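**Q** Sharing a model prediction with you, sequence too.
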Amino acid sequence: MKKRHLIPLFASFLTIASFSPLTHAASVPYASQLMIHGPEGNLRPGTSISITVQANGHGSTPQYQFWMESAKGWTLLRNYSADNTINLGTLPAGSYIIAVYALDPNQLQQGQYHEAAQSSVVLNIGSQVTISAPSTMLAGQSQLLQADATNLISPVYQWWWQNPEGQWKSSGPYQSSPSWNFTPHQSGLYHLIVYAKDPLAPNNAQGAVWSQTVSLNVQPISLAYGYFHVSSDSPGHAWYDIQQHASAFNAIAPLWYTYNPSNSNPFSTDVSTQSLQTVTTYAASHHMFVWPTVQLTGTLPSDWWASSEPQNLITTLITTAVQNGFNGYTLDFEDIPAAQGADFTAFVRELAQALHQAKLTLIVDVMPLPNSAYDYPALAKSANYLDLLAYPEYTTTTPTTLAPNPGPTEGAPWVNNAIDLALQTGISPSQLLLGVALYGQSWTYTNQGFQGGEAITSRTIASNLSQQSGQYVWDPSQQDLEINTGPLAVAPPAPLSLNPATFSPLVQNLQFVLNAVLLRYAISHQQTPPALLATDGGYGQDTEAAVALFQQDFNVQPQVLGSYGPHTAQALQAAIDQYNIGQTMAWDENTESIIDLLTTAATDHLGGMTLWRLGYQSPHFWTQFTGNWPS
């Protein structure tokens with residue numbers, strides 16, 4: 001664009017003469033304080049334009065010169081004269097700058113044009129600007145917004161947006177591009193306005209025009225993992241559930257693809273063409289993104305990263321997505337060894353570049369810090385989102401298969417810490433999704449020690465509770481449900497010796513029973529539940545302290561506080577009977593747990609949540625879960 005000047009180049013009309021230093025003396029007549037009166041700013045077509053100016057003349061009547069800038073450039077409307085009013089009549093739609101100069105007759109006679117007092121007014125006649133933007137977006141998603149200005153000369157633009165907290169922010173200085181890349185970093189209702197003006201117009205309300213306010217509903221991601229197969233069309237299956245509750249989700253991650261480097265065909269699928277096409281078409285018609293999951297089912301050898309296989313996988317993924325109308329992928333490469341963390345980051349970078357060139361999205365599943373080989377900041381620079389799989393916190397095989405510790409699948413303190421550690425790496429909250437488990441786990445203990453455990457769906461747990469007697473309590477500290485079922489537990493026979501170094505199945509059962517009893521006592525007495533006791537089978541300080549707490553709560557008078565003798569064993573059996581403590585303990589995230597987790601995610605302005613996995617949820621889940629972000 002040619003450089004334009006606020007002061008018109010009128011050398012062809014006037015000759016600038018040299019001047020003497022005496023012209024700066026206070027006694028020399030001059031014109032000052034030039035004021036313009038008349039219409040300005042945004043005017044309707046057909047408005048009659050009359051401009052009157054007034055300068056303070058020190059010595060004699062000021063002389064005025066009028067210029068106008070339009071789409072044709074600068075035009076001299078009237079040369080210097082004493083007439084301080086100019087009638088322009090009605091002007092065609094467009095933007096105009098009326099520039100006025102004033103000189104004292106003495107200055108004019110001496111050619112001291114550079115001494116002229118100056119002022120200008122902007123006329124935007126029928127000028128307007130509009131916004132082209134979607135009505136909804138996803139948190140953390142970038143969207144190129146467009147402005148369209150008419151009846152302005154080489155317009156420049158400035159965007160403003162109001163976030164859900166009511167704060168207005170700008171895109172920065174005026175820019176010549178009508179496009180602006182907007183990335184909302186939290187969900188909620190946004191308001192957008194764009195200003196446009198002539199580049200020479202002042203940066204104020206009189207110099208610019210502005211659009212109508214556009215509302216933009218930024219939604220958190222509500223994603224469901226699941227085996228979406230059309231042959232499984234009954235309650236408890238993903239395809240059935242998504243059809244019944246499509247409004248609760250804006251994305252699905254079908255578990256259709258696996259990658260196993262040891263197979264001759266490492267990238268494979270078990271989904272039928274009918275299922276793939278039917279589910280993808282249905283999701284698109286219900287405004288859901290389809291981001292199929294690619295699950296790593298084998299171990300990646302250390303030399304895999306430097307081979308041709310990563311590029312082969314990337315090429316296959318792009319081709320598959322384009323052919324089937326996918327919107328991207330969820331990459332579920334779990335348990336990457338720490339030594340391969342940098343290689344994984346490089347692979348994600350190359351995969352993201354290829355997907356983004358094809359206008360596709362990438363979500364990367366990550367494990368909680370600090371025990372994670374995933375470089376959150378580096379991955380976040382490439383991927384659109386990181387899905388924090390904050391489950392399972394406790395498992396049926398850790399810390400050992402002989403002595404696993406029972407506990408929540410996704411307790412609130414654990415989740416809060418996982419989110420805090422993730423955000424402390426500096427990644428944007430809007431890039432972080434919170435993974436939520438729709439399953440629990442169970443552990444069975446007797447005086448012979450740990451008898452086994454399993455992951456169990458929330459649907460199955462709810463069914464078991466309805467079919468058999470069982471006791472469950474809500475742990476307010478963990479914000480999770482603890483359930484006891486099965487045959488009544490039996491207190492270990494006394495005495496038990498203090499010996500942390502030796503494993504005892506009797507001590508392991510004691511630890512299990514104490515966890516259940518002390519939790520119920522604390523809840524019934526409105527106390528904070530104690531920390532969960534490890535079921536490691538060793539009678540150490542923690543177990544001694546738990547026994548002592550039980551003795552205090554149930555008024556047991558042992559010879560030595562914290563020792564397990566006959567009186568304590570008798571009292572423990574009475575507590576088992578009182579609370580109906582079964583041999584099997586399960587922890588599960590009921591609907592209340594999940595709503596609490598979503599509230600935490602919303603408070604931290606995370607980009608959304610993911611559910612693992614559709615079909616696992618209890619029938620009561622849908623009475624409270626709607627996909628809406630808690631306010």
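**A** Nice, I can see it.

**Q** okay, and for the stretch 351-500 of the chain, where does confidence drop off?
**A** Applying pLDDT under 70 to the stretch 351-500 of the chain flags the ranges 468-470.

**Q** Okay, helices next: where are they in the stretch 201-350 of the chain?
**A** Taking DSSP state H, counting those that start in this stretch, the helices of the stretch 201-350 of the chain run over residues 238-244, 273-285, 309-324, 341-357.

**Q** Could you export the ones you listed to CSV, including columns for distance to D480 and mean neighbour count?
**A** For the C-beta atoms, the positions are set from N, CA and C on the backbone; glycine is no exception. Formatted as CSV, the helices of the stretch 201-350 of the chain follow (distance: least, C-beta to C-beta, whole Å; neighbours: other C-beta atoms under 10 Å):
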stretch, distance to D480, mean neighbour count
helix 238-244, 23, 19
helix 273-285, 31, 16
helix 309-324, 37, 16
helix 341-357, 31, 17
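
**Q** Please name the nearest non-neighbouring residue to S382.
**A** A352 (3.8 Å; C-beta to C-beta, 6 or more residues apart in numbering).

**Q** In this structure the one you found contacts Y385, no?
**A** No. With contacts counted by C-beta atoms under 8 Å, A352 stays clear of Y385, the gap being 11.0 Å.

**Q** Mutual contacts of these two, please.
**A** By C-beta atoms under 8 Å, 6 or more residues apart in numbering, A352 and Y385 have these common neighbours: L362.

**Q** which residues of the stretch 151-300 of the chain score low on pLDDT?
**A** Nowhere does the stretch 151-300 of the chain drop to pLDDT under 70.

**Q** from memory Y472 sits against S466, does it?
**A** No. The criterion here is C-beta under 8 Å, and Y472 misses it with S466 at 11.7 Å.

**Q** Between the two, tell me which one has more neighbours.
**A** Between Y472 and S466, counted using other C-beta atoms under 10 Å, Y472 has the larger neighbour count: 14 against 9.

**Q** ok, the more buried one - contacts?
**A** Residues near Y472 by C-beta under 8 Å, 6+ apart: L465, L481, E482, I483, N484.

**Q** Return the member of those residues nearest to A147.
**A** L481 (51.6 Å; C-beta to C-beta).

**Q** how close does the closest one sit to Q357?
**A** Going from L481 to Q357 by C-beta to C-beta, to the nearest Å gives 46 Å.

**Q** E309 now?
**A** For E309, the distance to Q357 (C-beta to C-beta) stands at 20 Å.

**Q** before we move on, what about V473?
**A** Applying C-beta to C-beta to V473 and Q357 gives a distance of 53 Å.

**Q** swap in V436?
**A** Counting by C-beta to C-beta, the separation of V436 from Q357 is 32 Å.

**Q** Going by neighbour count, which residues of stretch 92-107 are buried?
**A** Using 16 or more other C-beta atoms under 10 Å as the test for burial, stretch 92-107 gives 94-107.

**Q** which stretches of the protein form helices?
**A** Taking DSSP state H to define them, one finds helices in the chain at 105-109, 238-244, 273-285, 309-324, 341-357, 376-382, 412-423, 458-467, 505-524, 541-553, 566-579, 591-603.

**Q** so which of those comes closest to Q146?
**A** Of the helices of the chain, nearest to Q146 by C-beta to C-beta is helix 341-357, at 20.1 Å.

**Q** roughly how far is that closest one from the heart of the chain?
**A** In terms of C-alpha atoms, centre = their mean, to the nearest Å, the centre of helix 341-357 is found 21 Å from the chain centre.

**Q** list the helices and strands that helix packs on?
**A** If you count contacts as 3 or more C-beta pairs under 8 Å, 6 or more residues apart in numbering; DSSP states H and E, helix 341-357 packs onto helix 309-324, strand 328-332, strand 361-366, helix 376-382.

**Q** Now do that helix against strand 328-332, angle only.
**A** Orientation check (axes from the mean of the first three to the mean of the last three C-alpha atoms, to 10 degrees): helix 341-357 against strand 328-332 gives 170 degrees.

**Q** show me the contacts for the residue nearest to S119 when sequence neighbours are not counted.
**A** Nearest residue to S119, sequence neighbours excluded (C-beta to C-beta, 6+ apart): L34, at 4.4 Å. Applying C-beta under 8 Å, 6+ apart to L34 gives the contacts V53, Q54, A55, V100, Y101, A102, A117, Q118, S119.

**Q** Put together JSON lines for these, with pLDDT on each row.
**A** As requested, the contacts of L34 are arranged in JSON lines below (pLDDT from 0 to 100):
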{"residue": "V53", "pLDDT": "96"}
{"residue": "Q54", "pLDDT": "94"}
{"residue": "A55", "pLDDT": "92"}
{"residue": "V100", "pLDDT": "97"}
{"residue": "Y101", "pLDDT": "97"}
{"residue": "A102", "pLDDT": "95"}
{"residue": "A117", "pLDDT": "93"}
{"residue": "Q118", "pLDDT": "94"}
{"residue": "S119", "pLDDT": "93"}
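
**Q** List just the nearest of those residues to V415.
**A** Within the contacts of L34, the smallest distance to V415 is 63.0 Å, found for S119 (C-beta to C-beta).

**Q** That closest one - how many residues pack around it?
**A** Applying other C-beta under 10 Å, we find 15 residues neighbouring S119.

**Q** Run through the bridge partners of L362.
**A** L362 has these beta-bridge partners by DSSP bridges: Y329.

**Q** was I right about it contacting E350?
**A** No. The pair L362 / E350 is not scored as a contact, 10.9 Å apart, by C-beta under 8 Å.

**Q** that older thread, out of the helices of the stretch 201-350 of the chain, nearest to V556?
**A** V556 sits nearest to helix 238-244 of all the helices of the stretch 201-350 of the chain, at 49.5 Å, using C-beta to C-beta.

**Q** what helices or strands is that closest one leaning on?
**A** strand 221-226, helix 273-285.

**Q** Go ahead and measure how far it is from the middle of the chain.
**A** 25 Å.

**Q** quick one: contacts of that helix?
**A** Helix 238-244 is touched from outside by 224, 226-230, 232-235, 249, 252, 254, 275, 279, 282-283, 613-615, 617, 622, with contacts defined as C-beta under 8 Å, 6+ apart.

**Q** Output that helix as CSV, restricted to C-alpha atoms.
**A** Provided in CSV are the C-alpha atoms of helix 238-244 (Å, rounded to 0.1, in the frame of the first residue of the first chain):
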residue,chain,number,x,y,z
ALA,A,238,-21.2,-47.4,23.4
TRP,A,239,-23.3,-47.3,20.2
TYR,A,240,-26.5,-47.6,22.1
ASP,A,241,-25.5,-45.0,24.7
ILE,A,242,-24.3,-42.4,22.2
GLN,A,243,-27.6,-42.6,20.3
GLN,A,244,-29.5,-42.1,23.5
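
**Q** neighbours around Q578, how many?
**A** Using other C-beta under 10 Å, Q578 is surrounded by 13 other residues.

**Q** In ChimeraX, select just the buried ones from the contacts of Y472.
**A** A single ChimeraX command selects the buried members of the contacts of Y472 (16+ other C-beta under 10 Å):
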select :465,481,482,483,484
